[in-house]
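In: My questions concern the predicted model and sequence given below.
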Amino acid sequence: QVQLVESGGGLVQAGGSLRLSCAASGRTFSNYAMGWFRQAPGKEREFVAAINWIYGSTYYADSVKGRYTISKDNAENMVYLQMNSLKPEDTAVYYCAAFYAPGNRVYYTPETSTYWGQGTQVTVSS
C-alpha cells in the first residue's frame, strides 16, 4: 500500500527556515503529483505546494510563493519542502500528499484521488 512519511518538522523562530521531507513508497508515481498541505488549529486543511512527479512543474499557494520551494528526488522517491522566512501564521501540521495528475498537470482539486501522510508539526514562534 502507499505510504507517505513526513519528517523535518519542529519549532523555529520567525524568520527562520525548515526543510520538510516526505518518503514515498508503495507504487509508481507516474501520473501523480506530490504536494504539501497544511492545517492550522481551528482551520481547514489548505494547499501549500505541488510538483508533478514526471515533468517537475510546480505550483504554490500565494501565501507561500517566494518563501517555499518544493522539490523531488525521483531516484530516492523523496519530496521536499524548503521553507524560508517563516512566519507565525505558517504554524500548522504539514501533510505530504500524492494526488492523481496525468500528464504535466499539477493543480489539485478536492475531488482528486489522493494519498495522505500522517503529518508533521511546524511551529513558528514570534
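Out: Structure's in. What do you need?
In: who touches Phe37 in this structure?
Out: Phe37 makes contact with Arg45, Glu46, Phe47, Val48, Tyr94, Tyr95, Ala97, according to C-beta atoms under 8 Å, 6 or more residues apart in numbering. Backbone N, C-alpha and C define where each C-beta goes, glycine included.
In: And the next helix or strand past whatever helix or strand Leu20 lives in?
Out: Assigned by DSSP states H and E, Leu20 falls within strand 18-25. For strand 18-25, the succeeding helix or strand toward the C-terminus, using DSSP H and E, is strand 32-39.
In: May I see the buried residues of that following strand?
Out: The neighbour-count check on strand 32-39 (16 or more other C-beta atoms under 10 Å) flags Tyr32, Ala33, Met34, Gly35, Trp36, Phe37, Arg38 as buried.
In: what's the most distant pair in those residues?
Out: The most widely separated members of the buried residues of strand 32-39, counting by C-beta to C-beta, are Tyr32 and Arg38 (19.7 Å).
In: Who is the closest residue in space to Ala92 that isn't next to it in sequence paired with across the strands?
Out: In space, and not counting its chain neighbours, Ala92 is closest to Arg38: 3.8 Å by C-beta to C-beta, 6 or more residues apart in numbering. With DSSP bridges applied, Arg38 shows beta-bridge pairing to Glu46, Tyr94.
In: Then Ser125?
Out: Beta-bridge partners recorded for Ser125 (DSSP bridges): Gln13.
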